[in-house]
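Student: give the three-dimensional model of this entry:
(2 chains)
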There are 2 protein chains.
Amino acid sequence: MRGLNPVQPWLDALKWDAQGMIPAIAQDATGGGVLMFAFMNRQSLQATVDGGTAVYWSRSRQRLWRKGEQSGHVQRARSIRADCDGDVLLSIDQEGGIACHTGRESCFFYQLQGDVWVAVDPVLKDPKDIYGK
Amino acid sequence: MRGLNPVQPWLDALKWDAQGMIPAIAQDATGGGVLMFAFMNRQSLQATVDGGTAVYWSRSRQRLWRKGEQSGHVQRARSIRADCDGDVLLSIDQEGGIACHTGRESCFFYQLQGDVWVAVDPVLKDPKDIYGK
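Tutor: Presented below is the predicted three-dimensional model:
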């Protein structure tokens, strides 16, 4: 069967793509909402496990992205799961209840209504008050 | 602000990567569990909207992958969401309650325990009985 081989060292068991990345999903451990999606490289996943809070790889900035480093909205990892392809699912406690840089709970705040994307979730905190700019 | 521009035609508003793909997450509409992760191209997302059941793009087979085409475990899309990057979140009703080809509810059945991936979710149905082989 193709798939994750749990006998391998845990980081090696995942299927890193040509850029050394795997997809990572963050889900609220309590409410169940999917809060964000990002990519991780080996270093970021190791840092997540070591530190207990989510660390992604920012492809735009080409550096480790410690979620909450500016906003304070860190994500405490309660469990880490993987599927057969080595995609990763973090079950997290979201500090401040806000994962999105727009001040919303979830980054997935656009809903397709007919053929239009509509921002359906409320802004809980003004981004100016989050980022101080 | 970088991000999805809802004024664009809805498919154009998403950020297709160099291979014409976007990440897609399927979440159980009722229980909230994240069931699977896959990729979509424009054609598969359009087909999902048109038909009301999830259609992904199989990168290994290089063709449209109508989820459930073999197993019968189709995913009825109840809502489609996107984040600023145009990653897609499907809220679905999972036919048969089984998303995984191993016969488990969710594809994310490996949990990291210490430094070992452990299959923690039960097999609900023998894959032989799903796929008849």
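
Student: gap between stretch A:15-22 and the chain center?
Tutor: Its chain's average C-alpha position is 16 Å from that of stretch A:15-22, according to C-alpha atoms, centre = their mean, to the nearest Å.

Student: start to end distance for that stretch?
Tutor: Stretch A:15-22 stretches 7 Å from its first residue to its last (C-alpha to C-alpha, to the nearest Å).

Student: what of stretch A:96-108?
Tutor: 17 Å.

Student: flag every buried residue along that stretch.
Tutor: Using 16 or more other C-beta atoms under 10 Å in any protein chain shown as the test for burial, stretch A:96-108 gives A:98-108. Using the backbone N, CA and C atoms, a C-beta is placed for each residue, glycine as well.

Student: ok, and which of those reach chain B?
Tutor: Filtering the buried residues of stretch A:96-108 for proximity to chain B by C-beta under 8 Å from any C-beta of the partner chain leaves A:100-102, A:106-108.

Student: biggest separation within the residues you listed, which pair?
Tutor: A:His101 and A:Phe108 (13.1 Å; C-beta to C-beta).

Student: A:Asp28 bridge partners, please.
Tutor: According to DSSP bridges, A:Ile92 are recorded as the beta-bridge partners of A:Asp28.

Student: so what's it up against?
Tutor: Going by C-beta atoms under 8 Å, 6 or more residues apart in numbering or on different chains, A:Asp28 touches A:34-35, A:91-94.

Student: ok so, going back, secondary structure added to the ones next to chain B among the buried residues of stretch A:96-108, as CSV?
Tutor: Formatted as CSV, those follow (DSSP: H, G, I helix; E, B strand; the rest coil):
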residue, secondary structure
A:Cys100, coil
A:His101, coil
A:Thr102, coil
A:Ser106, coil
A:Cys107, coil
A:Phe108, coil
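
Student: for B:Gly3, state which of those residues is nearest.
Tutor: For these, the nearest to B:Gly3 is A:Thr102 (8.2 Å; C-beta to C-beta).

Student: list the contacts for that closest one?
Tutor: When contacts are counted by C-beta under 8 Å, 6+ apart, A:Thr102 is found next to A:109, A:123, A:127, B:84.

Student: returning to that earlier point: ok, the contacts of A:Asp28 vs A:Asp115, which is closest?
Tutor: A:Val34 (22.8 Å).

Student: B:Val34 is in contact with that closest one, correct?
Tutor: Yes. If you go by C-beta atoms under 8 Å, A:Val34 and B:Val34 touch, sitting 6.5 Å apart.
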